[in-house]
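Trainee: Below is the structure, and that's it, no one-letter string:
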């Protein structure tokens with residue numbers, strides 16, 4: 001029965017473009033967003049369905065993206081842009097993108113230049129949370145709100161904002177609950193199955209997704225499950241959940257047990273975000289929730305990311321961490337030595353691999369790493 005529910009999440013993700021086009025044909029407005037710090041609540045309040053731009057893992061799409069980007073930009077930037085310019089995302093009416101790294105900015109700049117999609121709104125997202133940056137970011141969110149009101153020709157009221165905030169917070173709260181349940185000895189899902197659940201959250205209308213996730217959590221909590229087979233406990237960290245999900249499956253195939261994960265387009269979207277204060281002005285509440293709280297390498301301190309990941313590792317008694325580093329991604333690459341030092345201080349082994357590595361080479365390195373940590377006591 002639980003496999004049937006997981007298959008529904010998998011289907012939602014695999015058929016994401018077909019589903020979005022169907023909704024567009026029915027008169028719905030679909031907007032894309034990039035990165036975990038995107039204020040999707042404002043899109044929902046404007047009557048827009050937000051969907052995360054996802055990686056196709058397709059070499060042809062990456063090649064198309066390289067027509068607009070320097071070749072030394074990361075694969076995600078090539079992939080997102082290549083899909084957009086080749087028509088995969090023609091169902092999008094618009095896209096928003098918080099200020100990020102140089103390749104990320106290049107994606108939104110090319111979209112604006114080519115008018116694919118028709119509307120694009122870059123958001124200036126401050127690096128830290130201070131009274132001054134909060135004031136600035138509230139104003140920036142206000143500009144996004146006005147922009148959407150002009151395009152949709154409808155008011156984005158405080159009531160609509162609060163309703164959207166409740167819906168998205170319900171989703172994040174249930175995902176946090178799902179990750180807490182992973183600590184149970186009888187948790188019935190593998191790490192790869194949890195990844196399927198999270199991937200669907202990025203591309204499914206929030207109320208539809210919440211209904212299905214609520215069913216899954218209720219089933220896990222209200223039944224007794226067999227004690228799961230123990231593998232070598234590890235964490236997998238990556239930028240993209242699509243590529244990271246493939247790595248999780250490989251780790252499990254080789255005898256690992258992925259007890260938690262750290263994905264920019266996954267757990268970072270919900271794991272540390274606190275519930276918004278609905279008594280406040282909605283835009284101010286969103287600024288309080290997002291600023292300095294989304295653990296992305298190019299916007300928060302190394303110390304913040306270290307503390308968060310170490311806390312996850314300590315709570316779950318992990319033996320190692322496997323990090324998939326996007327090629328040419330400077331923020332991740334520059335932080336990684338400091339992350340490794342912190343892992344070592346806790347007796348954790350770590351393995352870094354670069355995306356694009358040949359499958360057999362990746363398999364060999366992961367197998368050797370798991371063997372090397374298998375006898376470490378926890």
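Mentor: Good, I have the coordinates. These numbers were taken from a predicted model, which means no experiment stands behind them. Residues are numbered from 1 along each chain as shown.
Trainee: Surely residue 321 and residue 350 touch.
Mentor: Yes. Counting by Cβ atoms under 8 Å, residue 321 does reach residue 350; the two are 4.7 Å apart. All C-beta atoms are positioned from the backbone trio N, CA, C, and that covers glycine.
Trainee: Between the two, tell me which one has more neighbours.
Mentor: residue 321 (27 against 20; other Cβ atoms under 10 Å).
Trainee: what kind of secondary structure is the more buried one in?
Mentor: Under DSSP: H, G, I helix; E, B strand; the rest coil, residue 321 falls in the strand class.
Trainee: for it, which residues make a bridge with it?
Mentor: Residue 321 forms beta bridges with residue 235, residue 350, as assigned by DSSP bridges.
Trainee: Can you tell me how far it is from residue 373?
Mentor: Residue 321 sits 10 Å away from residue 373, going by Cβ to Cβ, to the nearest Å.
Trainee: Leaving out chain neighbours, which residue sits closest to the most centrally placed residue in the chain?
Mentor: Residue closest to the mean C-alpha point of the chain, counted by Cα atoms, centre = their mean, is residue 265 at 1.5 Å. Of all residues not flanking residue 265 in the chain, residue 241 sits nearest, at 5.1 Å (Cβ to Cβ, 6 or more residues apart in numbering).
Trainee: Kindly report the same for residue 177.
Mentor: Spatial nearest neighbour of residue 177, excluding adjacent residues (Cβ to Cβ, 6+ apart): residue 217 at 6.0 Å.
Trainee: shouldn't that neighbour be in contact with residue 178?
Mentor: Yes. In this structure, residue 217 is within contact of residue 178 by Cβ under 8 Å, at 6.1 Å.
Trainee: More neighbours: these two, which one.
Mentor: Comparing residue 217 with residue 178 by other Cβ under 10 Å, the one with more neighbours is residue 178, at 19 against 16.
Trainee: Just the buried positions in the worst-scoring helix or strand of the chain on mean pLDDT, please.
Mentor: Least confident helix or strand, the chain: helix 302-316 with a mean of 77, by mean pLDDT, DSSP states H and E. Going by neighbour count (16 or more other Cβ atoms under 10 Å), the buried part of helix 302-316 is 302, 305-306, 308-310, 312-313, 316.
Trainee: helices and strands around that helix, which ones?
Mentor: strand 232-238, strand 256-263, helix 330-345 (3 or more Cβ pairs under 8 Å, 6 or more residues apart in numbering; DSSP states H and E).
Trainee: now the first one against strand 256-263, angle please.
Mentor: Think strand 232-238. Taking axes from the mean of the first three to the mean of the last three Cα atoms, to 10 degrees, strand 232-238 and strand 256-263 form an angle of 30 degrees between their directions.
Trainee: one step back: residue 173 versus the residue nearest to residue 177, what's the distance?
Mentor: Distance, residue 217 to residue 173, using Cβ to Cβ: 10 Å.
Trainee: follow-up on the earlier one: which other residues reach the least confident helix or strand of the chain?
Mentor: Outside helix 302-316, the residues that touch it by Cβ atoms under 8 Å, 6 or more residues apart in numbering are 182-183, 233, 235, 237, 259-260, 262, 271-272, 292, 295, 297, 318, 321, 335, 338-339, 342-343, 346, 348.
Trainee: ok, and what's touching the helix or strand hosting residue 144?
Mentor: Element membership of residue 144 [criterion: DSSP states H and E] is helix 131-152. Helix 131-152 is contacted from outside by 29, 39, 42-43, 45-48, 93-94, 96, 119, 121, 123-127, 155-156, 281, 283-284, 286-288, 290-291, using Cβ under 8 Å, 6+ apart.
Trainee: Tell me the buried residues in it?
Mentor: Buried residues in helix 131-152, counted by 16+ other Cβ under 10 Å: 133-134, 137-138, 140-141, 144-145, 147-148, 151.
Trainee: re the thing from before, so which of the contacts of helix 131-152 are in strands?
Mentor: 29, 48, 94, 96, 119, 121, 123 (DSSP state E).
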